[in-house]
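A.B. asks: okay, sequence plus prediction incoming.
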Amino acid sequence: MVTQVFSDKVSLGKAAASCGAGYIRRAIAARGCANIIVATAASQFELQDALIKEEGIDWSLVRIFHLDEYIGLPVEHPASFRKNLRARLIDRLPTAPAEFFPIDGNACDLGKVIQDLAKALQKYPTDVAFIGIGENGHIAFNDPPADFETKEAFLTIRLDEACRRQQLGEGWFETLEKVPQTALTMSVPQIMKSAAIINVVPDLRKAEAVRNALEGPLSNLCPASVLRTHKDCYTFLDEASASLLKK
């Protein structure tokens, strides 16, 4: 893992976007297309703003997946990841992407949603995944203890209280009771299949999770620690999120 620390979230986002854009351009040059995964969280806003401005990317040749979605939350809700990804990235791109694969957490048959997404990911292997780390060390919605061994591309999971409190603290919900208790999430093994990973983690509230992920034991009790085993992973921090690191 290559770790870089920046003075603020804006410079962090620009650097992460530049690094990730390089993988997108190279995939298009090599195969005529690129397949990416994009996270939808407040920590990713500066990255997404910068990625939109990256030059030399024909977005009509890019397929976009996303990591997770609440189960049963209306797509019109401000916290809907599909809604946020469309508003903050998809609809702001200079050209429409080749394909977008939303996770429908409101579908009557969630098993079919998982099956269809798994087939698409198998058909279009990921060139670069833009992800982050949660306050409890999760990646996507893989809360601790995360399943490092599953063969499934997506999982139906129950969110732990720390994860739900993070969503409340970020202002997406009025009360903890209104935060959904279940979600669909891309599995840890599926994320790790990405050829490259751009891990974007700003803010002081993530400092403990960053320390555990980068310097603690490799354990499913800190799911993000598995990123240290990836062959091509960049982690972008600001001074606040890096403040507890010893190195």
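C.D. replies: Great, that's in hand.

A.B. asks: check contacts around the nearest residue to S243 once chain neighbours are set aside.
C.D. replies: What sits nearest to S243 in space, not counting adjacent residues and going by Cβ to Cβ, 6 or more residues apart in numbering, is A207, at 5.1 Å. Yep, even glycine has a C-beta here, placed from its N, CA and C like the rest. If you count contacts by Cβ atoms under 8 Å, 6 or more residues apart in numbering, A207 has them with 240-244.

A.B. asks: and these, which are buried?
C.D. replies: Buried subset of those (neighbour count, 16 or more other Cβ atoms under 10 Å): 240-242, 244.

A.B. asks: ok, so of the residues you listed, who is nearest T126?
C.D. replies: S241 (24.5 Å; Cβ to Cβ).

A.B. asks: three-state assignment of the closest one?
C.D. replies: coil (DSSP: H, G, I helix; E, B strand; the rest coil).

A.B. asks: so what's it up against?
C.D. replies: By Cβ under 8 Å, 6+ apart, the contact list for S241 reads 201-204, 206-207, 210.

A.B. asks: and the furthest pair within those?
C.D. replies: The span of these, defined through Cβ to Cβ, is set by V201 and L204 at 11.1 Å.

A.B. asks: tell me which of the two has more neighbours.
C.D. replies: More crowded of V201 and L204, by other Cβ atoms under 10 Å: V201, with 26 against 13.

A.B. asks: bridged to the more buried one, which residues?
C.D. replies: For V201, the beta-bridge partners are L237 (DSSP bridges).

A.B. asks: same check, this time on F154
C.D. replies: Here F154, judged by DSSP bridges, has bridge partners M186.

A.B. asks: buried sites along the least confident helix or strand in the chain by mean pLDDT?
C.D. replies: Every helix and strand of the chain was ranked by mean pLDDT, DSSP states H and E. The lowest is helix 161-169, at a mean of 89. Residues 163-164, 166-168 are the ones in helix 161-169 that count as buried (16+ other Cβ under 10 Å).

A.B. asks: again, but for stretch 207-216
C.D. replies: 207-214, 216.

A.B. asks: returning to that earlier point: with the contacts of S241 in mind, which one is nearest to D49?
C.D. replies: The closest of the contacts of S241 to D49 turns out to be P202 (Cβ to Cβ; 12.9 Å).

A.B. asks: and the gap between the closest one and F148?
C.D. replies: Applying Cβ to Cβ, to the nearest Å, the value for P202 to F148 is 26 Å.

A.B. asks: and for S187?
C.D. replies: Counting by Cβ to Cβ, the gap from S187 to F148 is 9 Å.

A.B. asks: okay, these two: which has more neighbours?
C.D. replies: The neighbour comparison of S187 against F148 (other Cβ under 10 Å) goes to S187, with 23 against 17.

A.B. asks: ramachandran angles for that one?
C.D. replies: For S187, the backbone dihedrals are phi -70, psi 160 (criterion: degrees, to the nearest 10).

A.B. asks: quick check: it vs F154, distance?
C.D. replies: As defined by Cβ to Cβ, S187 lies at a distance of 6 Å from F154.

A.B. asks: same deal with G216?
C.D. replies: For G216 relative to F154 (Cβ to Cβ), the value is 27 Å.

A.B. asks: next: A29.
C.D. replies: According to Cβ to Cβ, A29 and F154 sit 30 Å apart.

A.B. asks: and those two? Which one has more around it.
C.D. replies: Set A29 next to F154 and count neighbours by other Cβ under 10 Å: F154 wins out with 25 against 10.

A.B. asks: that one reaches L117, doesn't it?
C.D. replies: Yes: using Cβ atoms under 8 Å, F154 is in contact with L117, at 5.5 Å.
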